[in-house]
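1. Any chance you can model this:
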Amino acid sequence: MRSGNDIGHALDIMAAVSKRKFSVSAALTALAMAFLITVGPGPARPQAVELVVVDVATVAKGYRASKLIGTNIRNDKNEQIGELEDIIIGQDQALFAVIQVGGFLGVGGRLAAVPFQSLVLEDGGRRIVLPGATKDTITKLPEFKYGS
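-> Model (predicted):
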């Protein structure tokens, strides 16, 4: 909140503007400046989030991450190259697929991450293809480790 001195200062500015017979636009500018001096920035207020209505029937036809995880991943030669271990949403909201290569029953395998859009989902998500990949090419990718 501003003191009485600030309000008096604003009134002085307005009086000076009217005595000098400035143009209307100069008077409005001075009035706006006086208002800003007296009022100052207000407290930060939360902004309302605009919700977007989605077509729930279309969403329901999508793939559930919980159903995709654990699915074998094959290449375009139908060779099994790994298993979909996880789906990660990056801080920029990009999707990544974490693939486990090697190991047995989830133990001893090596993890690698690829962009989710590089996967081809077929047969309602029951078949996942990573075209051009082999176990060897996935193994040569940087090893993925979960952050804390």
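2. So for the helix or strand where Ala113 lies, what gets flagged as buried?
-> Applying DSSP states H and E as the criterion places Ala113 in strand 110-115. In terms of neighbour count (16 or more other Cβ atoms under 10 Å), strand 110-115 has its buried residues at 110-114. The way it works is simple: take the backbone N, C-alpha and C, and place the C-beta from them, glycine included.
3. what's the closest of these to Lys145?
-> Set against Lys145, the nearest of the buried residues of strand 110-115 by Cβ to Cβ is Leu111 (7.2 Å).
4. Show which residues not belonging to whichever helix or strand comes after the strand holding Ala113 make contact with it.
-> Helices and strands here follow DSSP H and E; after strand 110-115, the next one along the chain is strand 120-122. Outside of strand 120-122, the residues within contact range by Cβ atoms under 8 Å, 6 or more residues apart in numbering are 63, 68, 127-131.
5. Among these, name the ones in helices.
-> Residues of the contacts of strand 120-122 located in helices (DSSP state H): Leu68.
6. In its sheet, which strands sit next to the longest strand belonging to the chain, and in what direction?
-> Scanning the chain for the strand with the most residues, using DSSP state E, yields strand 80-89. For strand 80-89, the paired strands and their directions (DSSP bridges) are strand 72-74 (antiparallel), strand 95-101 (antiparallel).
7. contacts for it?
-> Here strand 80-89 has contacts from 65, 68-75, 95-102, 109, 111-113, 116, 119, 128, 130, 133-135, 138, using Cβ under 8 Å, 6+ apart.
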